[in-house]
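> Give me a model of this one.
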Amino acid sequence: MVGTASSLVPSPRRPLDPGPAVPADRVRGWYENELGWATVPGEPVRLSVGVRFDVLDVPAVAGHAALRRLPPGAPVAVRGERMQFLVAAGSAEELPGVLRWLEWEPLPLDLRAIGPGGAVEAPRPTALAERQAPQDHDEPGSPSRRPKTPPAPCERSAETVQGAAVWLRPPVAGCEVEASLPTVSALGGGGGAPDLVRLVNTLATHCHRVRLLRACAQPLAFS
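Reported below is the predicted structural model:
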């Protein structure tokens, strides 16, 4: 029995308040200098994929069910109705073989991998947003506590636009982020990295479940 969508697929969590805008050059500098991640020229800031990490992109409702497969340090982003899992570099190339081995290959799964040559929108770094926010210990009347005039719509950055990428589980500067990324080499190993095969199997299972639920929700066509 398929059941209802609410009983099978938990709702994705999304931040309701985008928070203060952060200039694009500060966002770019944080990723390049704090994490050592390459960015792509232009705005909004995009992260180059395929060198330090690859990305698995799935529907948010399917991705939310797979979060328990990851340790807290594994970065996950949300962009609109999609969830993006950062995985070890080379995983995009491994994905077809993994799906074939798991016997998911014949099914039309809404699961795609982004690898070398690709790019994803850079979520606003949480650390920068916290630095820009007024601090509770600031004195009344100080510049950081004085009322600010809201920016005009044309001045709003990409972070405040609905559907912009946000971190659900942000990377931490100063840590070896790559060590926490799911990888095929973790299968059967004793390291701290999560197993990519188990993550892909979980994502594929819930992508398939979402597809079945959507198909059941479609009205019947009568000739």
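
> Please tell me the pLDDT value assigned to the nearest residue to Tyr31 once chain neighbours are set aside.
Of all residues not flanking Tyr31 in the chain, Trp37 sits nearest, at 4.7 Å (Cβ to Cβ, 6 or more residues apart in numbering). All C-beta atoms are positioned from the backbone trio N, CA, C, and that covers glycine. Note on Trp37: pLDDT of 95.

> A strand includes Trp37, no?
No. Counting by DSSP: H, G, I helix; E, B strand; the rest coil, Trp37 is not part of a strand but coil.

> tell me the contacts of it?
By Cβ atoms under 8 Å, 6 or more residues apart in numbering, Trp37 lies in contact with 31, 47-48, 52-53.

> Can I get those residues in CSV including secondary structure and neighbour count?
Below are the contacts of Trp37 laid out as CSV (DSSP: H, G, I helix; E, B strand; the rest coil; neighbours: other Cβ atoms under 10 Å):
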residue, secondary structure, neighbour count
Tyr31, helix, 21
Leu47, strand, 25
Ser48, strand, 18
Arg52, coil, 17
Phe53, coil, 26
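
> for the residue nearest to Tyr31, phi and psi?
With angles defined as degrees, to the nearest 10, Trp37 sits at phi -100, psi 130.

> now Val61
Val61 adopts backbone torsions of phi -70, psi -30, taken as degrees, to the nearest 10.

> Then Asn33?
Dihedral pair for Asn33: phi -90, psi -40, per degrees, to the nearest 10.

> How about Leu168?
Main-chain dihedrals, Leu168, degrees, to the nearest 10: phi -90, psi -40.

> want to throw the contacts of Trp37 into CSV with distance to Glu81 and pLDDT?
As requested, the contacts of Trp37 are exported to CSV (distance: Cβ to Cβ, whole Å; pLDDT from 0 to 100):
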residue, distance to Glu81, pLDDT
Tyr31, 24, 94
Leu47, 20, 97
Ser48, 24, 97
Arg52, 26, 93
Phe53, 22, 96
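
> quick one: which of those is nearest to Arg69?
The closest of those to Arg69 turns out to be Phe53 (Cβ to Cβ; 16.7 Å).

> Give me the nearest residue to that closest one, chain neighbours excluded.
What sits nearest to Phe53 in space, not counting adjacent residues and going by Cβ to Cβ, 6+ apart, is Leu86, at 4.6 Å.

> Next: Leu181.
Nearest residue to Leu181 in three dimensions, chain neighbours excluded: Ala88, at 4.5 Å (Cβ to Cβ, 6+ apart).

> pLDDT value on that neighbour, please?
At Ala88, pLDDT is 94.

> pretty sure it contacts Val55?
No. Taking contacts as Cβ atoms under 8 Å, Ala88 lies outside contact range of Val55: 10.9 Å.

> ok, back up a step: farthest-separated two in the contacts of Trp37?
Using Cβ to Cβ, the contacts of Trp37 span at most 11.8 Å, a distance reached by Tyr31 and Phe53.

> Can you show me the strands along the chain?
Here the chain has its strands, by DSSP state E, at 39-40, 46-48, 54-59, 76-79, 82-87, 112-114, 119-121, 166-169.

> Can I get the third one in PDB? Just the C-alpha atoms.
Coordinates of the C-alpha atoms in strand 54-59 are reproduced here as PDB (Å, rounded to 0.1, in the frame of the first residue of the first chain):
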ATOM      1  CA  ASP A  54      30.700  16.800  -6.500                       C
ATOM      2  CA  VAL A  55      27.000  17.400  -5.900                       C
ATOM      3  CA  LEU A  56      23.900  15.100  -5.800                       C
ATOM      4  CA  ASP A  57      20.700  17.100  -6.600                       C
ATOM      5  CA  VAL A  58      17.300  15.600  -5.600                       C
ATOM      6  CA  PRO A  59      13.800  16.800  -4.700                       C
END
